[in-house]
Every structure is written in C-alpha cells, then in structure tokens.
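> pasted the sequence and its predicted model underneath.
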Amino acid sequence: GAVVSQHPSRVICKSGTSVKIECRSLDFQATTMFWYRQFPKQSLMLMATSNEGSKATYEQGVEKDKFLINHASLTLSTLTVTSAHPEDSSFYICSAHRGIDEQFFGPGTRLTVL
Amino acid sequence: SQQGEEDPQALSIQEGENATMNCSYKTSINNLQWYRQNSGRGLVHLILIRSNEREKHSGRLRVTLDTSKKSSSLLITASRAADTASYFCANQGSSNTGKLIFGQGTTLQVKP
C-alpha cells in the first residue's frame, strides 16, 4: 500500500512554543490530507481537512489560528500547533486521501507540552 | 457530535475464541472502514465495506453492514494474542470528500 510519513514521530516542547508537524505522501499525490488528534484511550477526532492550494477546512470547535495548516504541495501538509500548552499534548495523526475511498494514515506524532 | 459508538468498549477473550465488535454511526455513508491500532502506534487498515454491500470477508475477518440500522460488526475468528489491539470503525460520508468519522473504539485483549 501507499506510504505516508510524519515527522517528527515524537516531540517535547515547552509551553508557549510552536511546533510544526509534517505529513508526506511518499508515493502518490494527495490533493486532500486530513489531520486527526487522539487523546489517551480515546478515538481519533478529525481536526481539519487540508486542501492543496487552498485554505484548510476546520471542524467545529477547532481553532484555525491555533492549529495552522499549510498544504503547499501535493505531497506535503504541515500542521503547526502555535503557542502550545499542556492541554495540546496529544497524538496527532495525518492521512492522505487517494481516489474515491482510499486513505492512508501516517504513523502519528506524539506531542508532549511541558 | 457525529462520532459513532462502538460496543463493547473493552473485550477480553482467550486465544482461539471469536471476537465480535459492533459499531453504530449517525450519518449516511459511502463506505465504512475498520482499523486496528496497537498501543501508541498508527492505524492499520483492515477492511472496507461499501454502502451497497452487506458482508465482506478478509482472512479471519468478517464484516457486516446494515444500513437500515446504521450499524456494522467486525468478527475476528480464531483469535490470536497478536490480535490484541484497539479496533475502530470509521465511516466515510456520502459526500466523497474522504473525511472519516471514527467510532469510539473497542479495546480487545486476547489472552494466550
């Protein structure tokens, strides 16, 4: 199957700093990527849809100024958690959409904000 | 919330037994997908069933879909200790945007 990578896999930062997470589709072009957040022992919650060449679409309750998404190319979407706080500590997972219903998930990024 | 529900939330069985997990969803769907997640890891796609399908098999996995009840079930037969993981259903709505709404998940423990 197709491969989606995320970088970094794990990041620890101080409160107030910004953290950028990259999501790359390695062997196909993805006009649409998705960002999910998963708190411990919970399910994945969709945060936003990242659209290549246009603004991201955010789900209700997700602050677009807090979670900046850039989809500058067909193989790369970035999520920047701005002014991170401990409550932003979570597992962030991206996915890349191909065709009608194929979706490939990255391995996730564990963010810990001290 | 559009998030679906899964039951049971947790399931513990002996190796060799069958495991059944159920999923209910709220919106109309294009397809429903099942994923596995080992602790702290990414998702592994297991099986996809389309809205016009009622049952699908893949190895030891059997998935059913009842669109009239907005529910799906995942059956794992002859379970193994390696099947220990969390299992999530995810429905892709009829808009074909690719957006997936995940259920709350079932944590399965298979004891050797």
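On my side now, so go ahead.
> count the neighbours of the residue in chain B that chain A sits nearest to for me.
Nearest to chain A in chain B, going by C-beta to the nearest C-beta, is B:Gly98, at a distance of 3.5 Å. Yep, even glycine has a C-beta here, placed from its N, CA and C like the rest. By the measure other C-beta atoms under 10 Å in any protein chain shown, the count of residues near B:Gly98 is 23.
> the residue lying closest to it once chain neighbours are set aside: which element?
Distance criterion C-beta to C-beta, 6 or more residues apart in numbering or on different chains; nearest residue to B:Gly98, sequence neighbours excluded, is A:His97 at 3.5 Å. Per DSSP states H and E: A:His97 is located in strand A:90-98.
> does B:Asp83 really touch B:Leu108, like I thought?
Yes: counting by C-beta atoms under 8 Å, B:Asp83 does reach B:Leu108; the two are 6.4 Å apart.
> each with direction, which strands does the strand holding A:His97 pair with?
Sheet neighbours of strand A:90-98, with direction, are listed as strand A:32-38 (antiparallel), strand A:102-105 (antiparallel), strand A:109-113 (antiparallel) (DSSP bridges).
> packed most tightly, which of the ones you listed would that be?
Across the strands paired with strand A:90-98, averaging neighbours per residue (mean count of other C-beta atoms under 10 Å in any protein chain shown) puts strand A:32-38 on top, at a mean of 24.
> low pLDDT regions in the chain?
I went with chain A, as the question did not name one. Along chain A, segments meeting pLDDT under 70 span A:1.
> looking at chain B here, not the other one
Where chain B drops to pLDDT under 70, the residues are B:1-3, B:94-96.
> and it, which residues reach chain A?
Residues of chain B lying near chain A by C-beta under 8 Å from any C-beta of the partner chain: B:3, B:30-31, B:33, B:35, B:40-43, B:45, B:48, B:50, B:88, B:90, B:92, B:96-105.
> that older thread, need the overlap of contacts for B:Asp83 and B:Leu108.
Counting by C-beta atoms under 8 Å, 6 or more residues apart in numbering or on different chains, the common neighbours of B:Asp83 and B:Leu108 are B:Ala19, B:Ile76.
> the two: which has the busier surroundings?
Set side by side, B:Asp83 and B:Leu108 show more neighbours around B:Leu108, with 21 against 18, by other C-beta under 10 Å.
> contacts for the strand or helix carrying that one, please.
Assessed by DSSP H and E, B:Leu108 sits inside strand B:106-111. The contact list for strand B:106-111 (C-beta under 8 Å, 6+ apart) reads B:6-15, B:17, B:19, B:21, B:76, B:79-88.
> so which of those are in strands?
B:6-7, B:10-14, B:19, B:21, B:76, B:85-88 (DSSP state E).
> mind checking which of these are buried?
For the ones in strands among the contacts of strand B:106-111, a burial check counting by 16 or more other C-beta atoms under 10 Å in any protein chain shown picks out B:Glu6, B:Leu11, B:Ile13, B:Ala19, B:Met21, B:Ile76, B:Ala85, B:Ser86, B:Tyr87, B:Phe88.
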